[in-house]
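Student: give me a 3D structure for the following:
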Amino acid sequence: MEKEDLQDFEKLVETSFHPVIPRPEFVFQLHQRLTDPKRPTVRFPRKATSQFLLFITLGVIGGAIFIVTVTRLIKALLDLMRGAK
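Tutor: Predicted coordinates:
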């Protein structure tokens, strides 16, 4: 992209979008989150965390059931093939 193209693009953006004045409480909270290293940037509510843990637990249990089922199916097929000989 050439410099002239970039300047044309910037002019287009300037005419298309208007500046937004942020709410003072948003600016304050953002400042607090960025300057205080003890506060986490992202906080997960307890409900989301418990739902995530439930989802992981059910996934592990479902995966284990799937592996056991496939293993038993393969064993049954091998036994069937040995008995057919």
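Student: average pLDDT across whichever strand or helix holds Gly59?
Tutor: Using DSSP states H and E, Gly59 falls within helix 46-84. Averaged over helix 46-84, pLDDT sits at 92.
Student: that one: how far from the chain's middle?
Tutor: 24 Å (Cα atoms, centre = their mean, to the nearest Å).
Student: equivalent analysis for stretch 27-35, please.
Tutor: Centre-to-centre, stretch 27-35 and its host chain are 24 Å apart (Cα atoms, centre = their mean).
Student: do stretch 72-85 as well
Tutor: 42 Å.
Student: what of stretch 45-55?
Tutor: 14 Å.
Student: can you mark which positions in that stretch are buried?
Tutor: Taking 16 or more other Cβ atoms under 10 Å as the neighbour-count basis, stretch 45-55 is seen to contain no buried residue. Yep, even glycine has a C-beta here, placed from its N, CA and C like the rest.
Student: could you do stretch 58-72 as well?
Tutor: So for stretch 58-72, nothing qualifies as buried (16+ other Cβ under 10 Å).
Student: spatially speaking, which residue is in the middle of the chain?
Tutor: Phe52 (11.2 Å; Cα atoms, centre = their mean).
Student: from Leu58, how far off is that one?
Tutor: Per Cβ to Cβ, to the nearest Å, Phe52 is found 11 Å from Leu58.
Student: ok, now Pro45?
Tutor: Applying Cβ to Cβ, the value for Pro45 to Leu58 is 20 Å.
Student: check Leu34 too.
Tutor: 37 Å.
Student: can you tell me the SS state at Val20?
Tutor: coil (DSSP: H, G, I helix; E, B strand; the rest coil).
Student: going forward can the numbers begin at 781, since that is how I track them
Tutor: Okay, using 781 as the starting number, the last item reads as Val800.
Student: look up how far Ile847 lies from it.
Tutor: 53 Å.
Student: then Asp785?
Tutor: 57 Å.
Student: equivalent analysis for Thr815, please.
Tutor: From Thr815 over to Ile847 the distance is 49 Å, taken as Cβ to Cβ.
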